[in-house]
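[1] quick one: sequence and predicted model below, then my questions.
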Amino acid sequence: MNKKIISPGFPVSRLRRLRQNAAIREMVSETTLNAKDFIYPVFAVPGKKVKKEINSMPGIFQLSVENVLVECEDAYKLGVPAVILFGIPEHKDEYGSEAYADNGVIQQAVKLIKKEIPELIVVTDVCLCEYTSHGHCGVIENGAVNNDKTLELLVKEAVSHASAGADIIAPSDMMDGRIGAIRKGLDINNFEDTPIMAYSAKYSSSFYGPFREAAESSPQFGDRKSYQMDFRNGEEALREIYLDIKEGADMIMVKPALSYLDIIKSAKENFNLPLAAYNVSGEYSMVKAAAKKGWIDGDKTMLEILYSIKRAGADMIITYFAKEASLLL
Ligand code: PBG
């Protein structure tokens, strides 16, 4: 439907009439934001009683499994319906073996959360970069990430997460064909009811900097530009999303969010699957840093950003602000 802008023009039209007080502004506000829109990222590490704040992300911690549970309980009590888990292994190796180990840190965390808070939706990030010694998201061969060999490991990781009880599998590696491979792998292992949230349009972005400190996942050579998307491209994002849907994605994602509101909007306009946007680490850290210096109002800026992501068309927002924002909404 094309809406027509019909207006007699000034002075008959005065748009300020509907802005004159808070009650009227509330009545005509177009966008809602609520704790139930959020997915809260949590970083799980091996060990006991670990609660280590991430230098570049004040308020966000690396947590051992029992503290992961406490963090999840806090979020759940605030009305946040879902968490997304990232794991840092005990040992990294070339093939990221701990990513698909039965007793890996994610597998332990998922089991504990699902036992204690069964209503909380547990999404797991499926990727190898946190687990590989070289920090890339796949298998290295001749100095490059080999797509098809990586798929085999991603399938093992996804099935392992689902076996531990993960509610939703979220592959973030950006290999070609991963959604189809993971769907098939889940299905033949009787996880045909486990949904896939595809990081479909994931850009190669400097905004991931603080996350890589948190997840200890910086590439040890080169960068991720041969698999993550070029930020100059918008049409290509639609091709990525289209292919993921054809391969069986149940939900799609755009990441990062703030510099990519146009991509969120066109994803929403072109596809009818639930759409997530990832308000990434750098977007969080910039607000925190500027607020600490007194250069911006941290709370107000946070809400403005989250509303803008929702207004652009996201149905859900993965955000480190989930707890703080829920307290204010
Ligand atoms: C793993 C992954 C990354 C993020 C989510 N999953 C990092 C990367 O691709 O380098 C980034 C999230 C954030 O910055 O908050 N591949």
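    That came through fine.
[2] neighbours of the residue of the stretch 1-150 of the chain found nearest the ligand, how many?
    In the stretch 1-150 of the chain, the residue that lies nearest the ligand is residue 127 (3.9 Å; C-beta to the nearest ligand atom). Glycine gets a C-beta too; all of them are placed from N, C-alpha and C. Residue 127 has 28 neighbouring residues, counting by other C-beta atoms under 10 Å.
[3] look up how far residue 52 lies from it.
    Distance of residue 127 to residue 52, computed by C-beta to C-beta, to the nearest Å: 21 Å.
[4] quick one: residues contacting residue 290.
    296, 298, 301 (C-beta atoms under 8 Å, 6 or more residues apart in numbering).
[5] just the buried subset of those, please.
    Buried subset of the contacts of residue 290 (neighbour count, 16 or more other C-beta atoms under 10 Å): 296, 298, 301.
[6] any chance of a markdown table for the residues you listed, columns secondary structure?
    What follows is those, written out as a markdown table (DSSP: H, G, I helix; E, B strand; the rest coil):
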| residue | secondary structure |
| --- | --- |
| 296 | coil |
| 298 | helix |
| 301 | helix |
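[7] need the residues you listed in JSON lines with pLDDT and distance to the ligand, can you?
    Formatted as JSON lines, the buried ones among the contacts of residue 290 follow (pLDDT from 0 to 100; distance: C-beta to the nearest ligand atom, whole Å):
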{"residue": "296", "pLDDT": "98", "distance to the ligand": "20"}
{"residue": "298", "pLDDT": "98", "distance to the ligand": "18"}
{"residue": "301", "pLDDT": "98", "distance to the ligand": "17"}
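[8] contact residues of this protein facing the ligand?
    Proximity of the chain to the ligand is confined to 125, 127, 129, 137, 172, 208, 211, 212, 224, 280, 281 under the rule C-beta under 6 Å from any ligand atom.
[9] by pLDDT, rank these and give me the bottom one.
    Lowest-confidence member of these: residue 212, scoring 90 (pLDDT).
[10] test my guess that that one contacts residue 218.
    Yes - shown here, residue 212 and residue 218 form a contact pair, counting by C-beta atoms under 8 Å, at 4.4 Å.
[11] point to the helix or strand of this protein where mean pLDDT is at its lowest.
    Every helix and strand in the chain was compared by mean pLDDT, DSSP states H and E; the lowest is helix 209-214, with a mean of 92.
[12] okay, buried residues for the helix of greatest length in the chain please.
    For the chain, the helix with the greatest residue count under DSSP state H is helix 147-164. The neighbour-count check on helix 147-164 (16+ other C-beta under 10 Å) flags 147, 150-151, 153-164 as buried.
[13] and what of stretch 305-321?
    Residues 305-310, 312-314, 316-321 are the ones in stretch 305-321 that count as buried (16+ other C-beta under 10 Å).
[14] show me the two of those that sit farthest apart.
    Using C-beta to C-beta, the pair of these lying farthest apart is 313 and 320, separated by 20.9 Å.
[15] would you mind measuring from the closest residue to residue 111 other than its chain neighbours to residue 308?
    Excluding the flanking residues, the one nearest residue 111 by C-beta to C-beta, 6 or more residues apart in numbering is residue 164, at 5.3 Å. Residue 164 sits at a distance of 35 Å from residue 308 (criterion: C-beta to C-beta).
[16] what score does residue 159 have for pLDDT?
    pLDDT, residue 159: 98.
[17] which residues does it contact?
    Residues near residue 159 by C-beta under 8 Å, 6+ apart: 100, 185, 186, 189, 191.
[18] just curious, which of those residues is nearest to the ligand?
    Closest approach to the ligand among these (C-beta to the nearest ligand atom): residue 100, at 15.4 Å.
[19] report how many residues lie close to the closest one.
    Residue 100 has 23 nearby residues by other C-beta under 10 Å.
[20] again, but for the one 5 residues further on
    Neighbour count for residue 105, taken as other C-beta under 10 Å: 26.
[21] not counting sequence-adjacent ones, nearest residue to it?
    What sits nearest to residue 105 in space, not counting adjacent residues and going by C-beta to C-beta, 6+ apart, is residue 87, at 4.4 Å.
[22] next one: residue 275
    Nearest one to residue 275, counting by C-beta to C-beta, 6+ apart, is residue 315 at 5.0 Å.
[23] then residue 75?
    In this structure, residue 75 finds its nearest non-sequential neighbour in residue 40, 4.6 Å apart by C-beta to C-beta, 6+ apart.
[24] surely the one you found is within a strand?
    Yes - the assignment for residue 40 by three-state DSSP puts it in a strand.
[25] next, count neighbours for it.
    27.
[26] which residues touch it?
    72, 75, 80, 82, 83, 84, 318, 319, 320, 322, 323.
[27] repeat that for 7 Å
    By C-beta atoms under 7 Å, 6 or more residues apart in numbering, the residues touching residue 40 are 75, 80, 83, 322, 323.
[28] and the nearest residue to residue 98 once chain neighbours are set aside, what element?
    Nearest residue to residue 98 in three dimensions, chain neighbours excluded: residue 89, at 3.5 Å (C-beta to C-beta, 6+ apart). Residue 89 belongs to no helix or strand when elements are defined using DSSP states H and E.
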